[in-house]
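Novice: Fold the following for me, if possible:
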Amino acid sequence: MKTVLITGANKSIGFEATRQLLAKGYYVYLGSRDLEKGNEAVATLKAEGLTNVEPLQIDVSNPESIAKAREVLGTKLTSLDVLINNAGILGGMNQTALATETDTVREVFATNFFGVIDVTRAFLDLLQKSDEPRIVNVTSGLGSLTLHSDPNWKYYAVKTVAYGPSKSALNAYTIVLAYELKDTAFKVNAVDPGYTKTDFNHHSGPGTIEDAAARVVKYATIGADGPTGGFFSDDNNPETGVSPW
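Specialist: Numbers count the residues shown, from 1 in each chain. Prediction:
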């Protein structure tokens, strides 16, 4: 049975991705910053008959928490097949370049960018022991510099000085990581789940959580002939699913 770690999985897209992977026969470690919320999420899934899941406390912005999570997971398995770096924060609305404090930018980057690097490095040894390791970095269309430079883009006016740039940085990290692992069995991709109706955006998005999670799961479960080092978004390009950087 293949194993998965999903960060920020106690609610919204991460939770639904957990549900969909469980339905596909994966064993999922549901990462949650708050263990109580993680336990509640696991209880909900088990009540649905999805039993191959357990919580793992992990705060991706806290190196000590990441190290502890790695230690705990290391007592449960010898290899990890899939890492989904899903945890992320918005940093509030109205993130203007002139008024937003740099503390806000640092806080968002600590989770959305540096947290991904720290988690990936912490669990890389377990992933390297998998026959088909997969890493999915959950990004956003707001991380596309190409689209942000296009006045005709539907989200052109949605500019954020912390959140968007944190995802642009994440995309850049994905390219470097995929390149360094290109001669291995790893598949490393950045996936935009789309503008989805969640707590994250006060339920303003038009997309469903089910569809958003399915996009993430698709690249978490790709075969040996699947892509690596890509940026995929059905929201930005429904025809090909490939987003411009």
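
Novice: got the contact list for stretch 27-35?
Specialist: By C-beta atoms under 8 Å, 6 or more residues apart in numbering, the residues outside stretch 27-35 that reach it are 1-10, 14-15, 18, 21-22, 38, 41-42, 45, 52-60, 65, 69, 73, 76, 86-87. Every C-beta, even on glycine, is put in place using the N, C-alpha and C of the backbone.

Novice: Helices - which of these land there?
Specialist: Judged by DSSP state H, the subset of the contacts of stretch 27-35 located in helices is 14-15, 18, 21-22, 38, 41-42, 45, 65, 69, 73.

Novice: distance of residue 190 from residue 46?
Specialist: Using C-beta to C-beta, to the nearest Å, residue 190 is found at 31 Å from residue 46.

Novice: ok, now residue 229?
Specialist: Per C-beta to C-beta, residue 229 is found 36 Å from residue 46.

Novice: More neighbours: which of these two?
Specialist: residue 229 (17 against 14; other C-beta atoms under 10 Å).

Novice: can you tell me which residues contact the residue nearest in space to the middle of the chain?
Specialist: Compute the mean C-alpha point of the chain, and by C-alpha atoms, centre = their mean the closest residue is residue 86, 2.4 Å away. Each residue near residue 86 by C-beta under 8 Å, 6+ apart is listed here: 6-9, 13-14, 17, 31, 136, 138, 216.

Novice: next one: residue 92
Specialist: residue 104.

Novice: can I assume it sits in a helix?
Specialist: No - under DSSP: H, G, I helix; E, B strand; the rest coil, residue 92 sits outside any helix and is assigned coil.

Novice: Report the mean confidence score over the longest helix seen in the chain.
Specialist: Taking DSSP H as the criterion, the chain has its longest helix at helix 163-180. Per-residue pLDDT values over helix 163-180 give a mean of 98.

Novice: mind listing what's buried in it?
Specialist: With burial defined by 16 or more other C-beta atoms under 10 Å, the residues of helix 163-180 counted as buried are 163-171, 173-174, 177-178.

Novice: which outside residues touch that helix?
Specialist: By C-beta under 8 Å, 6+ apart, helix 163-180 touches 90-91, 95, 105, 108-109, 111-113, 116-117, 120, 135, 137, 139-140, 142-145, 148, 186, 188-190, 228-231, 245.

Novice: same check, this time on stretch 43-62
Specialist: Residues outside stretch 43-62 that contact it (C-beta under 8 Å, 6+ apart): 1, 5, 7-8, 10, 18-19, 22-23, 25-35, 38-39, 41-42, 65-66, 68-69, 72-73, 85, 87, 110-111, 114-116, 118-119.

Novice: let's see it at 6 Å
Specialist: 7, 22, 27-33, 35, 38-39, 42, 65, 69, 87, 110-111, 115, 119 (C-beta atoms under 6 Å, 6 or more residues apart in numbering).

Novice: First-to-last residue distance for that stretch?
Specialist: End-to-end distance for stretch 43-62: 26 Å, by C-alpha to C-alpha, to the nearest Å.

Novice: One more: stretch 73-91?
Specialist: First residue to last in stretch 73-91 (C-alpha to C-alpha) measures 29 Å.

Novice: if you average pLDDT over it, what comes out?
Specialist: 97.

Novice: residues of that stretch that come out buried?
Specialist: Buried, per 16+ other C-beta under 10 Å, within stretch 73-91: 73, 80-91.

Novice: quick one: it to chain centroid distance?
Specialist: Between the centre of stretch 73-91 and the centre of its chain there are 9 Å (C-alpha atoms, centre = their mean, to the nearest Å).
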